[in-house]
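> Pasting a predicted model and its sequence here:
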Amino acid sequence: MLRCGGTRALGKSQAGSVVTLRGTAFGLTGKGAQSYSQDTSGVPGVAENNDRFGAATKLVDTNADGRAELIVGAPGENADAGSVWVFKSTSSGVTPTGSFTFGAGTLGTVATRAQLGSTFN
């Protein structure tokens, strides 16, 4: 998986995007690579300047089904409050279908410049 948090998406500076690469027994391959941004159909939100979508990424099997979900951070979302997206995985790989996002408001907090999603440990 490649992350590209500082890319120009549809003329928007620092909007960000993420590219997923498939793996084989011989390593990574570009075959089946997918790119996602906030402007991708099925992904909640809209790409804006300085969102930095993809500044942090992590693969985690959150539901113990044997497939890792893609977690994507956008620390610049909502005036640097930040947000996190969760992309589900299928046998074909990561999908934007059914993806969801959460930020400070979802968590019930007020985050001024918290930059949620800037890093995942």
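Yep, that arrived.

> Next up, the contacts around residue 98.
Residues counted as contacts of residue 98 (CB atoms under 8 Å, 6 or more residues apart in numbering) are 42, 88. Where C-beta positions appear, they are placed from N, C-alpha and C, glycine not excepted.

> So it, which state does it fall into?
Assigned by DSSP: H, G, I helix; E, B strand; the rest coil, the conformation of residue 98 is strand.

> Could you tell me the per-residue confidence at it?
On pLDDT, residue 98 comes in at 93.

> cool, and residue 8?
Reported pLDDT for residue 8: 50.

> To which secondary structure element is the residue nearest the centre of the chain assigned?
Centroid-nearest residue in the chain: residue 72, 2.7 Å away (criterion: CA atoms, centre = their mean). For residue 72, the host element (DSSP states H and E) is strand 69-74.

> Output the helix or strand following that strand as PDB - backbone C-alpha positions only.
The helix or strand immediately downstream of strand 69-74 is helix 77-80, counting by DSSP H and E. Backbone C-alpha positions of helix 77-80 (Å, rounded to 0.1, in the frame of the first residue of the first chain) are rendered in PDB as follows:
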ATOM      1  CA  GLU A  77      -9.900  17.600   7.600                       C
ATOM      2  CA  ASN A  78     -12.300  20.200   9.100                       C
ATOM      3  CA  ALA A  79      -9.700  23.000   9.700                       C
ATOM      4  CA  ASP A  80      -7.100  20.600  11.200                       C
END
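
> I'd like the next helix or strand past helix 77-80.
Following helix 77-80 in sequence, per DSSP H and E, is strand 83-90.

> Please list the outside residues in contact with that following strand.
36, 43-45, 53, 62, 67-74, 77, 94-103, 116-117.

> gap between the two ends of stretch 46-59?
Across stretch 46-59, the terminal residues are separated by 23 Å (CA to CA, to the nearest Å).
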